[in-house]
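A.B. asks: sharing a model that was predicted from the sequence below.
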Amino acid sequence: QVQLVESGGGLAQAGGSLRLSCAASGRTYNMGWFRQAPGNEREFVAAIAWSSGSRYYADSVRSRFSVSRDNAKNTVTLQMNSLKPEDTAVYYCAAMRGPCYYGCTYSKIDDYSYWGQGTQVTVSS
């Protein structure tokens, strides 16, 4: 069973930056980040493919957030810049059990088999 542990959440001012990290205990393939604000559904933020390194972003964070991974260390990082109050949410790291085949989009919750416990990000105005 793969375990994912996030770190790096906290409080930032609008316009500031935070860096989230996620460490996986076992073999993973593609990895992603989702977030969930109070009263809202969990939504896709960013993802990175294991083999190609291709990156995928939600429109709301494109050009502000950057996802990267270190396959040797089995970690994925989300660099968040130009933060906005609407970025406030619990951020979850997620990983796929296998490659992303037909029907897999990298942005759907069902694409992922493993989830971290979440880390709170709060952005003040």
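C.D. replies: Sure, I can see it. Bear in mind the structure is a predicted one, so any value in this text is a computation, not a measurement. Numbers count the residues shown, from 1 in each chain.

A.B. asks: mind listing what's buried in stretch 38-54?
C.D. replies: Within stretch 38-54, the residues that qualify as buried are 42, 44-50, counting by 16 or more other Cβ atoms under 10 Å. Every C-beta, even on glycine, is put in place using the N, C-alpha and C of the backbone.

A.B. asks: quote the end-to-end distance of that stretch.
C.D. replies: Length of stretch 38-54, first residue to last, Cα to Cα, to the nearest Å: 30 Å.

A.B. asks: closest to the centroid, which residue in this protein?
C.D. replies: W33 (1.6 Å; Cα atoms, centre = their mean).

A.B. asks: returning to what we had before: so which of the buried residues of stretch 38-54 sit within strands?
C.D. replies: 44-48 (DSSP state E).

A.B. asks: could I get the full set of strands for the chain?
C.D. replies: 4-7, 10-13, 18-24, 31-36, 43-48, 55-57, 65-70, 75-80, 89-95, 114-115, 119-124.

A.B. asks: got the contact list for P99?
C.D. replies: 29-30, 50-51 (Cβ atoms under 8 Å, 6 or more residues apart in numbering).

A.B. asks: which one of the residues you listed is nearest L78?
C.D. replies: Closest approach between the contacts of P99 and L78, by Cβ to Cβ: N30, at 14.3 Å.

A.B. asks: roughly how far does the closest one sit from L20?
C.D. replies: 17 Å (Cβ to Cβ, to the nearest Å).

A.B. asks: much appreciated, bye for now.
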